[in-house]
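Colleague: generate coordinates for the sequence data below:
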Amino acid sequence: MASLILSYEPQGQNLNTRRWGKKRLRSEREQALAKTTLALLGECDVSPTPDNYELFYTYAAGENPAVGRIIGDMIAQRRPFTLGVLRELRERSSARERAERAVENIGENVSVSLDDAVATLEEAAKNADEYGKTLLAASGELAASSRLWTLISPMLPP
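Modeller: Below is the predicted model:
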């Protein structure tokens, strides 16, 4: 009969060897949030599906204040988390994430547009400099031909 492995620990490293710096602090916080999330799911009689886990993890981590207030109020009032309520909460949470992504995309687009504008201005400045040099050379030629005209015009018949 095959056995089921319920946990995995990389060889040569266990959780105790990762007890330094930010990794340990982040890992401890994440573990505490995971435990809190599972406890909340159990206390609220909510099925621990990935979507529900994500929603309650977001609540436990305080990542979405608006949805967090609703969940907190529901827990305090001992109201049931029906499938409809959970779906609505996920939609609200998703709407916030979509808005954040939209703002990020807008920021990236503005950055790209600014980079393009700077490149265009730099090219225009380069072209203006080259045009200025061409005009300067042409004006020198005109001045030379004007002097030439001054020299030869008296010799020409009227």
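Colleague: so where do the helices sit in this structure?
Modeller: 21-43, 50-61, 65-76, 83-152 (DSSP state H).
Colleague: got any ranges where the chain has weak pLDDT?
Modeller: For the chain, the stretches with pLDDT under 70 are 1-26, 95-102, 139, 141-145, 148.
Colleague: still on that earlier bit, and among the helices of the chain, the most buried is which?
Modeller: With neighbours defined as mean count of other Cβ atoms under 10 Å, the helices of the chain peak in mean count at helix 50-61, which reaches a mean of 18. (Glycine included, C-beta is placed from N, CA and C.)
Colleague: picking that back up, let me have the helices of the chain in JSON lines, extended by distance to Pro158.
Modeller: Shown next, in JSON lines, are the helices of the chain (distance: least, Cβ to Cβ, whole Å):
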{"stretch": "helix 21-43", "distance to Pro158": "95"}
{"stretch": "helix 50-61", "distance to Pro158": "97"}
{"stretch": "helix 65-76", "distance to Pro158": "94"}
{"stretch": "helix 83-152", "distance to Pro158": "14"}
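Colleague: where's Pro65 relative to Val46, distance?
Modeller: 20 Å (Cβ to Cβ, to the nearest Å).
Colleague: and for Ala34?
Modeller: Separation of Ala34 from Val46 (Cβ to Cβ): 15 Å.
Colleague: one more: Glu104?
Modeller: Counting by Cβ to Cβ, the separation of Glu104 from Val46 is 30 Å.
Colleague: ok, Ala39 - contacts?
Modeller: Contacts for Ala39 (Cβ atoms under 8 Å, 6 or more residues apart in numbering) come out as none.
Colleague: revised request: answer the last question for Ile75.
Modeller: Per Cβ under 8 Å, 6+ apart, neighbours of Ile75: 40, 43-44.
Colleague: show me the residue at the heart of the protein, geometrically.
Modeller: Centroid-nearest residue in the chain, with Cα atoms, centre = their mean: Glu104, separated by 4.5 Å.
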